[in-house]
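**Q** I would like the atomic coordinates for the input below:
(2 chains)
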Amino acid sequence: DIQMTQSPSSLSASVGDRVIITCRASQDISNYVNWYQQKPGKAPKLLISAASNFQSGVPPRFSVSGSGTDFILTISSLQPDDFATYFCQQSHTTPLTFGQGTRLEIK
Amino acid sequence: QMELVESGGGVVRPGGSLRLSCAASGFTFSDYYMTWIRQAPGKGLEWLATTSGGSRYSTYAASVRGRFSISRDNAKNSLYLQMNSLRAEDSAVYYCAKSHLGYLPNDAFDIWGQGTVVTVSP
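**A** Predicted coordinates:
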């Protein structure tokens, strides 16, 4: 199985901060990585698919980079609505696997 | 507006069975691979099973293979998960999810239901 390892597991930041979340795959997955945002008590929401395809409505403060095994999600200027848990997911090979999540909290 | 609504969760004893349902609306259900994903309390997301639009193809996670069965009824725009031989570690919120592109078994998930809670407890 392909392991997806996110770091950090949790992060405290302030409104206006720039944050970086990384996701590392245990093998080359090309660009088959997807990013989700989940708020407490809610289902995950797809933000970005295939490493760089943004869903409609995703603000431009979100950006992504990477291919192969290392991927980065950057939020350039945190807004109150961004405090949530973020997951990466690989869609390269079954079983599809998710990172353990990065919980982004308000400092 | 595309929507998925799960139902069928509840409390069941270890070894018991439960059938989850997912009602789809707002898109051509038969055109899309559909998937079940679960999330244990305070934990991450676990992919469980995916089925193709015409039900010809299904695949399962090792943790549920042989115990869970995914199926669909395109005439009713509904997805199902039959869960047998339930264990305490199956306790979780269960989500159904729609594949983003539709024609790939390995895909992102762009529409999720609100989830239904399954608790396996004596």
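**Q** Residue 47: how many residues sit nearby?
**A** By default, I'm working from chain A. By the measure other CB atoms under 10 Å in any protein chain shown, the count of residues near A:Leu47 is 21. Where you see a C-beta, it was placed from the backbone N, CA and C, and this is true even at glycine.
**Q** wait, chain B
**A** 24.
**Q** How far does stretch A:88-100 stretch from one end to the other?
**A** 8 Å (CA to CA, to the nearest Å).
**Q** dump the residue contacts of the closest residue to B:Val118 other than its chain neighbours.
**A** With CB to CB, 6 or more residues apart in numbering or on different chains as the criterion, B:Val118 has its nearest non-adjacent residue at 4.9 Å, and that residue is B:Gly9. Going by CB atoms under 8 Å, 6 or more residues apart in numbering or on different chains, B:Gly9 touches B:Leu18, B:Leu20, B:Tyr94, B:Thr116, B:Val117, B:Val118.
**Q** and the second one, backbone torsions?
**A** Comment: the main-chain dihedrals of B:Leu20 come out as phi -90, psi 150, following degrees, to the nearest 10.
**Q** Can you tell me who it pairs with across the strands?
**A** B:Leu20 forms beta bridges with B:Leu81, as assigned by DSSP bridges.
**Q** any idea how far it lies from B:Ser71?
**A** 11 Å (CB to CB, to the nearest Å).
**Q** Next to chain A, which bits of chain B? Give me the list.
**A** B:35, B:44-47, B:50, B:59, B:61-62, B:95, B:100, B:104-110, B:112-115 (CB under 8 Å from any CB of the partner chain).
**Q** if I look at B:Leu81, how far off is A:Ser10?
**A** If you go by CB to CB, the gap between B:Leu81 and A:Ser10 works out to 31 Å.
**Q** Of those two, which one has the most company?
**A** B:Leu81 (25 against 10).
**Q** dump the residue contacts of the more buried one.
**A** B:Leu81 neighbours (CB under 8 Å, 6+ apart): B:Arg19, B:Leu20, B:Cys22, B:Trp36, B:Leu48, B:Ala49, B:Phe68, B:Ser69, B:Ile70, B:Tyr94, B:Cys96.
**Q** how far is the helix or strand bottoming out on mean pLDDT in chain A from where the chain is centred?
**A** Least confident helix or strand, chain A: strand A:53-54 with a mean of 92, by mean pLDDT, DSSP states H and E. Strand A:53-54 sits 12 Å away from the centroid of its parent chain (CA atoms, centre = their mean, to the nearest Å).
**Q** All set now, cheers.
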